[in-house]
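**Q** Next input, structure requested:
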Amino acid sequence: MPRQPAYDLADKVRVQAERSGAQEVETYLETNTTIEVRIRQGQLELLSQSAIQGLGLRMFRDRRMGFFYTTDLRETVLTELVNRTLALTNEATPREENKLPEYLASSQSDLEIYDPAVVQLRPEDLVKMARAAEDSAFAKNERIQTTRDVRCGASLYEVFFSNTFIARQTFRATSVWLAATPIATEGAQKREGTYVDRKRFLSDLARPEQIGERAAERALARLGAAAVASGRVPVVFSAEAAAIFLQGLLPALSALNVIEQRSFLAGKIGQAVAGPSVTIIDDGTMRRGLGTRYFDGEGVQTHRTVLVERGILRQYVHSAATARRMNVPATGNGIRSYDSLPTIGPTNFYIDAFSKTRPLIEDVAQGLYVNGLAGFGMDTVSGEYSQQVDGHWIEKGVLAKPVEGVTVAGRLDEMLLGIDAVGRDLDFRNNIASPTIRFKELTVGGAA
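**A** Numbers count the residues shown, from 1 in each chain. Predicted structure coming up:
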């Protein structure tokens, strides 16, 4: 949809809702156009193209809230949307938090989240990139004869926002990605390895040949993996494994969970909750960041929020409602789509790189290096952690035999305080990222 008609549509629905009796109104119109190809053995297996457009409407009256959404943007349907939402508002229970946020967005400089080159990509361009990645994986080693698949895609995302206090706000953002999963075979054993890169700008994406080669290296490195003896040893999480760990930790930093006493970090502002080398940041203003946006789903300007500073808990992530309840500024983390209400979520959420220049394994006499995590092993309410992992055993500061079929376990509060080193290899291939981190000692459960 052209930008001006979308603006007009969001405004028109808002004005109609206000004239129908709502005291405060918010419209959130979203379009998402995606194209993805999937190849295997050089053959195109799937070409997927989609274009989704929807509008979400929130209305407030006497501290009552109603919400409805639609993907049918015909005038008659939108009139019915206003009427139904108003009816919901009349039936809702009044709550003090049911009002529009006071923290309105202001103009920012160019955050560089839109790349015309991504919009211009065609299916044949994506197929070419995917085949180059797969060919590179095959060329890496003769034990790579097949792949599970290689995927390449691009998307354009646009938001048109309007509420009673903000006439018009908009942004558009692009992303492009390439993921390869080759299969390494040795005798009867088969192991997969995956490498994914995702960026806002096509020029920032790793070359397809690099992606295929790195994925092949990961598959080959898993051949011959076995369990190790149980014990308590130093454990190093690779950058990717640390990012997955950090993602699981996010609910503990959610202000809503803190308010409802569903976080082991509740009541710990100003206290040491992690090792002194740990700084955790959520930054919605990072240039070219995959989670960057000019404003969140409530129209609140995004910010750079330091949550943990050199081990000290400084802040939680907030929606407008939780910020109001805790009497602090909103952080711009009210994330949503057209078909959902704002919930607390990350923008660019990461552990900051530290000054450790030597590889973190060099100081480990015996321990575990974790490449991958499987399943769900984190309880951010009780603080318990136990998760199946794979990786390599560390012997005298170098990676030795591959390991699988083991678990690592501990208490999250003790684990965070026990992080004794953070690397410099911070690489944003997702909106949640981390450098390599090292836990001083964790319980490893493997062979008897």
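**Q** and the lowest-mean-pLDDT helix or strand in the chain, what other elements does it pack with?
**A** Least confident helix or strand of the chain, by mean pLDDT, DSSP states H and E, is helix 3-19 with a mean of 84. The helices and strands touching helix 3-19, judged by 3 or more CB pairs under 8 Å, 6 or more residues apart in numbering; DSSP states H and E, are strand 24-40, strand 43-61, helix 75-91, strand 144-163, strand 169-186. Just so you know, the C-beta spots here come from the backbone N, C-alpha and C atoms, and that holds for glycine as well.
**Q** Go through those and name the closest to D115.
**A** The closest of the helices and strands packed on helix 3-19 to D115 is strand 169-186. By CB to CB, the value is 4.8 Å.
**Q** orientation of that closest one relative to strand 24-40 in degrees?
**A** Angle of strand 169-186 versus strand 24-40, following axes from the mean of the first three to the mean of the last three CA atoms, to 10 degrees, is 30 degrees.
**Q** starting at the chain centroid, how far to the helix or strand just after strand 169-186?
**A** Once strand 169-186 ends, the next helix or strand along the chain (criterion: DSSP states H and E) is strand 189-192. How far strand 189-192 lies from its chain's middle: 28 Å, per CA atoms, centre = their mean, to the nearest Å.
**Q** Give the pairing partners of strand 189-192; include direction for each.
**A** Strand 189-192 has its sheet partners listed here by DSSP bridges as strand 169-186 (antiparallel).
**Q** residues of the strand it pairs with that come out buried?
**A** Residues of strand 169-186 classed as buried: 169-171, 173-184 (neighbour count, 16 or more other CB atoms under 10 Å).
**Q** between those residues, which is closest to T285?
**A** Among the buried residues of strand 169-186, and counting by CB to CB, the member closest to T285 is F171, at 12.2 Å.
**Q** Name all residues that make contact with that closest one.
**A** If you count contacts by CB atoms under 8 Å, 6 or more residues apart in numbering, F171 has them with 113-114, 158-159, 293-295.
**Q** Chain neighbours aside, what residue packs nearest to D379?
**A** Spatial nearest neighbour of D379, excluding adjacent residues (CB to CB, 6 or more residues apart in numbering): Y385 at 7.3 Å.
**Q** G423 versus that neighbour, what's the distance?
**A** As judged by CB to CB, to the nearest Å, Y385 and G423 stand 21 Å apart.
**Q** go on, A330?
**A** 32 Å.
**Q** What count of nearby residues applies to S109?
**A** Here the number of neighbours of S109 (other CB atoms under 10 Å) works out to 7.
**Q** Now do the same contact list for it.
**A** Contacts of S109 by CB under 8 Å, 6+ apart: none found.
**Q** distance of it from D11?
**A** Here S109 is placed at a distance of 26 Å from D11 (CB to CB).
**Q** now swap in D379 and tell me
**A** From D379 to D11 the distance is 45 Å (CB to CB).
**Q** need the helices and strands packed on helix 3-19 in JSON lines with mean pLDDT and distance to P346, can you?
**A** Shown next, in JSON lines, are the helices and strands packed on helix 3-19 (pLDDT from 0 to 100; distance: least, CB to CB, whole Å):
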{"stretch": "strand 24-40", "mean pLDDT": "97", "distance to P346": "18"}
{"stretch": "strand 43-61", "mean pLDDT": "97", "distance to P346": "20"}
{"stretch": "helix 75-91", "mean pLDDT": "95", "distance to P346": "29"}
{"stretch": "strand 144-163", "mean pLDDT": "96", "distance to P346": "16"}
{"stretch": "strand 169-186", "mean pLDDT": "97", "distance to P346": "15"}
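**Q** Turn the ones you listed into TSV, including distance to I361.
**A** Output for the helices and strands packed on helix 3-19, formatted as TSV (distance: least, CB to CB, whole Å):
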stretch	distance to I361
strand 24-40	35
strand 43-61	38
helix 75-91	56
strand 144-163	26
strand 169-186	23
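**Q** Show me what the strand or helix carrying S136 packs onto, helices and strands only.
**A** Here S136, judged by DSSP H and E, is contained in helix 123-140. Based on contacts counted as 3+ CB pairs under 8 Å, 6+ apart, the elements that helix 123-140 packs against are strand 24-40, strand 43-61, strand 144-163, strand 169-186, helix 208-221.
**Q** redo that, cut-off 6 Å
**A** If you count contacts as 3 or more CB pairs under 6 Å, 6 or more residues apart in numbering; DSSP states H and E, helix 123-140 packs onto strand 24-40, strand 144-163, strand 169-186, helix 208-221.
**Q** what are the bridge partners for the residue nearest to D379, then?
**A** On the basis of DSSP bridges, Y385 is bridged to M378, G410.
**Q** isn't it right up against M378?
**A** Yes: using CB atoms under 6 Å, Y385 is in contact with M378, at 5.3 Å.
**Q** Does the closest residue in space to S155 that isn't next to it in sequence have any beta-bridge partners, and if so which?
**A** Of all residues beyond its chain neighbours, the one nearest S155 is T34 (4.3 Å), with distances taken as CB to CB, 6+ apart. Assessed by DSSP bridges, T34 has beta-bridge partners S50, S155.
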